[in-house]
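Student: Need coordinates for the below:
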Amino acid sequence: MRSDLFSIEGKVAVVTGGSRGIGLMIAEGLIDAGVRVYISSRKVEACEEVAVKLSQKGECISVPADLSNAEGVAHLTAEVSQREERLHILVNNAGATWGAPFEEFPEKGFDKTLDVNLKGVFLLTQALLPKLRAAASAEDPARVINIGSVDGLRVPAPGMNNYAYSLSKAALHMFTRHLAADLGPEHIAVNAIAPGPFDSPMMAFVLDDPETRAEIAGSIPLRRIGHPDDMAGTTVFLCSRAGAYLNGAIISVDGGISARGWS
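Tutor: Have a look, this model is predicted:
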């Protein structure tokens, strides 16, 4: 086996939503692997604080932006384009959710969730396509990784009521396949990771309660909540020579939840 099979040292990446949760796990994992990483999030102070912290381990640049609208997408694209000739890795992780019973689910919750989880991903990937093309080659494609969800693969557990979120993630999985077919001939590989339960602000409302956490962990075939290394390791694999032939894959990193549903 080649000694550099999993090496991604020297590459350049953008990780949206990189200041917390799964995005932070991915950004830190890429930096540990020798990648220069641009992180983006809506909260300026949090984004800059995390960039300073991660810069103690490698290269991390903060570019705060609201990626739910075209202005935020244009800002992030301009900042990266001014600094980089090529972009090897784009991780579309920024996400939002909204919970409410179906008959009470508000239009603003639907719009906000789809703007961030779907439209923002579409617009940013479109805007950064020239930089991805510049990094692409047959042996080492540029990579786009969309962060979907196990909730986009199966109906969420009763009471979750995250209609717009699960809908947006299912659509994101299809968008991943669509782009994989379209961009594959240009040597740009597009895949998705569908996480299960991880410690993140989005899951805090259930995982912060010890009893609920234990119940959820007990329902997972591997009997635990995801670790940061689980997410970082999958991302590094997808971005390395080891993952160069994957295109259009939806990889469940969920301990086996999607293999049998929510019960």
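
Student: following the longest strand seen in the chain, which helix or strand shows up next?
Tutor: Longest strand in the chain by number of residues (criterion: DSSP state E): strand 188-195. Next helix or strand after strand 188-195 toward the C-terminus (DSSP states H and E): helix 204-207.

Student: buried stuff in the following helix or strand past that following helix?
Tutor: Following helix 204-207 in sequence order, the next helix or strand is helix 210-219 (DSSP H and E). For helix 210-219, the neighbour count (16 or more other Cβ atoms under 10 Å) marks Arg213, Ile216 as buried. (Each C-beta comes from the backbone N, C-alpha and C, glycine too.)

Student: try stretch 46-59
Tutor: Ala46, Cys47, Glu48, Val50, Ala51, Leu54, Gly58.

Student: Ala189: which of those residues is nearest?
Tutor: The shortest gap between Ala189 and any of the buried residues of stretch 46-59 belongs to Gly58, at 23.6 Å (Cβ to Cβ).

Student: how about the closest one, phi and psi?
Tutor: Reported as degrees, to the nearest 10, the phi and psi values for Gly58 are phi -180, psi -150.

Student: Leaving out sequence neighbours, find the closest residue to it.
Tutor: Sequence neighbours aside, Ile31 is the residue nearest to Gly58 in space, at 4.0 Å (criterion: Cβ to Cβ, 6 or more residues apart in numbering).

Student: so who does that neighbour touch?
Tutor: Taking Cβ atoms under 8 Å, 6 or more residues apart in numbering as the criterion, Ile31 is in contact with Val37, Leu54, Lys57, Gly58, Glu59, Cys60.

Student: Go ahead and report the secondary structure state at it.
Tutor: What DSSP: H, G, I helix; E, B strand; the rest coil gives for Ile31 is helix.

Student: low pLDDT regions in the chain?
Tutor: 159, 261-263 (pLDDT under 70).

Student: Strands along that one, start to end?
Tutor: Counting by DSSP E, the strands of the chain are 12-16, 36-40, 60-62, 89-92, 142-147, 188-195, 250-253.

Student: Which elements pack onto the second one?
Tutor: Under the contact criterion of 3 or more Cβ pairs under 8 Å, 6 or more residues apart in numbering; DSSP states H and E, strand 36-40 touches strand 12-16, helix 21-32, helix 44-54, strand 60-62, helix 70-83.

Student: Adjacent strands (with direction) for it?
Tutor: Neighbouring strands of strand 36-40 in its sheet, by DSSP bridges, are strand 12-16 (parallel), strand 60-62 (parallel).

Student: got these as TSV, with mean neighbour count and distance to Gly243 columns?
Tutor: Shown next, in TSV, are the strands paired with strand 36-40 (neighbours: other Cβ atoms under 10 Å; distance: least, Cβ to Cβ, whole Å):
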stretch	mean neighbour count	distance to Gly243
strand 12-16	27	14
strand 60-62	21	23
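
Student: Would you reformat those strands as a markdown table and include distance to Arg177?
Tutor: Below are these laid out as a markdown table (distance: least, Cβ to Cβ, whole Å):
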| stretch | distance to Arg177 |
| --- | --- |
| strand 12-16 | 20 |
| strand 60-62 | 31 |
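
Student: For Leu238, which of these is the nearest?
Tutor: strand 12-16 (11.4 Å).

Student: quick revisit: could you dump the strands of the chain into CSV with distance to Gly109 added?
Tutor: Compiled in CSV, the strands of the chain are given as follows (distance: least, Cβ to Cβ, whole Å):
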stretch, distance to Gly109
strand 12-16, 21
strand 36-40, 23
strand 60-62, 28
strand 89-92, 21
strand 142-147, 20
strand 188-195, 22
strand 250-253, 25
